[in-house]
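K.L.:
Generate a structure from the sequence data that follows.
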Amino acid sequence: PCINVANGVGLYDGTVGDHDPEFGATYVRPYRYTEGAKCPNFLKFLGDCWGQDPDYKDKVTALQQALCATLLGYAPRFQRAFLLIGKAKTGKSVLLKIIGGLFPDAARASVSFSQLQDGNMMVSLDNKLINIVGELSERQRIRGDLFKGLIDGSPIMVRRLYKEAFNMVPVCAHWGASNHLPKTDDSSQGFTRRWLMFKFTRPVEDSEVDVNLADKILLEEREGVFTWALQALPSLMKENADYVLPSS
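P.N.:
Predicted coordinates for the structure are as follows:
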């Protein structure tokens, strides 16, 4: 495993090597990998959101693993989409903005699951690392077969406008936010188990709301959040590895 950053290639053992085409990485993150970089405000934000929850530690670990897998393009190996779920003003949008801000524009898509049911939109996921699906629709249902194929990274035949069709193998992770559970006509356990949900239960008082919090954390601690996420890599490289699943 390796990941291109501004100052080189971050390797599995925590060292940074020189950029080299042989690594096959197609994106450069617009920040450096700095061993020991910290993100105290980001971790405080998670504590404010989840610190009173009995599964707080598991939530933080699962988020760290999910973000690490997304950064490396490994999400299809673990076959889960990620959903931040809870009431309004609980921090969901802030966390989603921070996560999206760790990826360059060329590696990021913003296509909802309902839009993906249009085959012409599917090609927009080609070679992307993350798809920010945004708020889930309260009315439109997610097609189970399409969803499961995308989450598993199954090859899909797609075509760019006026060009030949080709076999796309999705590597991107899908991140969304919602006030409600996903809706589908697929009653199988296969649909349900392909979600990892992060529950938000503590609304922030209006007097405590900082509309610029995500921007501040990205400006001051983006390298720290990136370094924090990569610390989960050893747990994902173990045999039969999987995400920690919070009880909530």
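K.L.:
From Ser124, how far off is the residue located most distally from the centre of the chain?
P.N.:
In the chain, counting by CA atoms, centre = their mean, Tyr162 sits farthest out from the average C-alpha position, at 31.2 Å. Per CB to CB, to the nearest Å, Tyr162 is found 15 Å from Ser124. Placement of C-beta: from N, CA and C, glycine included.
K.L.:
Next, count neighbours for Gly24.
P.N.:
8 (other CB atoms under 10 Å).
K.L.:
hang on, the earlier thing: so what's the backbone phi/psi at the residue farthest from the centre of the chain?
P.N.:
Backbone torsions for Tyr162, taken as degrees, to the nearest 10, come to phi 70, psi 20.
K.L.:
where's it relative to Asn120, distance?
P.N.:
From Tyr162 to Asn120 the distance is 12 Å (CB to CB).
K.L.:
cool, and Gly17?
P.N.:
Per CB to CB, Gly17 is found 40 Å from Asn120.
K.L.:
Can you read off the backbone torsions of the closest residue to Thr184 other than its chain neighbours?
P.N.:
Leaving aside its sequence neighbours, Thr184 sits nearest to Ile142 (CB to CB, 6 or more residues apart in numbering; 4.6 Å). Ile142 adopts backbone torsions of phi -90, psi 130, taken as degrees, to the nearest 10.
K.L.:
In this structure, where is pLDDT below threshold?
P.N.:
Low-confidence segments of the chain (pLDDT under 70): 1, 11-14, 119.
K.L.:
can you do 80?
P.N.:
1-2, 10-16, 23-27, 29, 34-35, 117-120 (pLDDT under 80).
K.L.:
Who are the contact partners of the residue found closest to Arg202 once you drop the neighbours it is linked to in the chain?
P.N.:
Once flanking residues are discounted, Arg202 sits nearest to Thr90: 6.0 Å by CB to CB, 6+ apart. Neighbouring residues of Thr90 by CB atoms under 8 Å, 6 or more residues apart in numbering: Cys49, Phe200, Thr201, Arg202, Pro203, Val204.
K.L.:
again, but for Lys128
P.N.:
Contacts of Lys128 by CB under 8 Å, 6+ apart are Ala107, Arg108, Ala109, Val171, Cys172.
K.L.:
again, 6 Å this time
P.N.:
Contacts for Lys128 were tallied using CB atoms under 6 Å, 6 or more residues apart in numbering; they are Ala107, Ala109, Cys172.
K.L.:
and it, how far is that from Pro234?
P.N.:
According to CB to CB, Lys128 stands 26 Å off from Pro234.
K.L.:
can you count the residues close to the nearest residue to Val225 once chain neighbours are set aside?
P.N.:
Leaving aside its sequence neighbours, Val225 sits nearest to Cys39 (CB to CB, 6+ apart; 4.6 Å). Cys39: 21 surrounding residues under other CB under 10 Å.
K.L.:
For Cys39, give me its contacts.
P.N.:
Glu221, Gly224, Val225, Trp228.
K.L.:
Can you show me the strands along the chain?
P.N.:
For the chain, the strands defined by DSSP state E cover 2-5, 8-11, 16-17, 81-86, 108-109, 130-135, 156-159, 165-168, 173-178, 195-200.
K.L.:
of these, which approaches Gln115 most closely?
P.N.:
strand 130-135 (8.8 Å; CB to CB).
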